[in-house]
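J.: Whatever this is, show me its structure:
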Amino acid sequence: MQDNALRSNPLSRKRERAGVRADVKVQQARALRQSPTTAEQLLWRHLRNRQLAGAKFRRQHPLGPYNLDFVCLEHGLEVEVDGGQHADLQAQAYDQQRSAWLQQQGLRVLRFWNHEVVQQTNEVLAHVLQALTPALSRLREREVNTKD
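T.: Residues are numbered from 1 along each chain as shown. All right, here's what the predicted structure looks like:
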């Protein structure tokens, strides 16, 4: 019965197509939520509970073969917070491949360095808000059109 529930969930189907078992990704996401970086903790304080423009963000959300740092599915926005390990060429190539896959899934990807989040929090939040603005405008436009 549980297998049928997983198959009816489109996110689970994406995980299956990627060859990754959903329960393993969920366990990894839970572990990552238990040990966030300082920058992730700081950003989460500002994104959680619809604090930024009413957008619902999830943290360490499994999607396909990846766990996403912060994602707002309703607006198609993913925010990554990168540490120094992302500076080497191999990691950059992996990040580009990952971002390309996420874009194919309909997500816009924003990347920030840990030090940017910690030292320039307001600027980072402004950039995220700017990325949300077109989606929010389309949503408001749809609401107005349905009221007419």
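J.: how much space between the residue sitting nearest the centre point of the chain and residue 54?
T.: Nearest to the mean C-alpha position of the chain, by CA atoms, centre = their mean, lies residue 71 at 2.3 Å. Distance, residue 71 to residue 54, using CB to CB, to the nearest Å: 16 Å. (C-beta placed from N, C-alpha, C; glycine too.)
J.: Could I get the full set of helices for the protein?
T.: For the chain, the helices defined by DSSP state H cover 2-8, 10-17, 22-34, 38-47, 89-104, 114-119, 121-147.
J.: mean pLDDT lowest for which of these?
T.: Confidence, taken as mean pLDDT, is least for helix 2-8 of the helices of the chain (a mean of 45).
J.: What is the neighbour count of residue 41?
T.: 13 (other CB atoms under 10 Å).
J.: With residue 28 instead?
T.: 15.
J.: my guess is it meets residue 68, correct?
T.: No - between residue 28 and residue 68 there is no contact under CB atoms under 8 Å: 11.7 Å.
J.: got any residues that touch both of these two?
T.: residue 62 (CB atoms under 8 Å, 6 or more residues apart in numbering).
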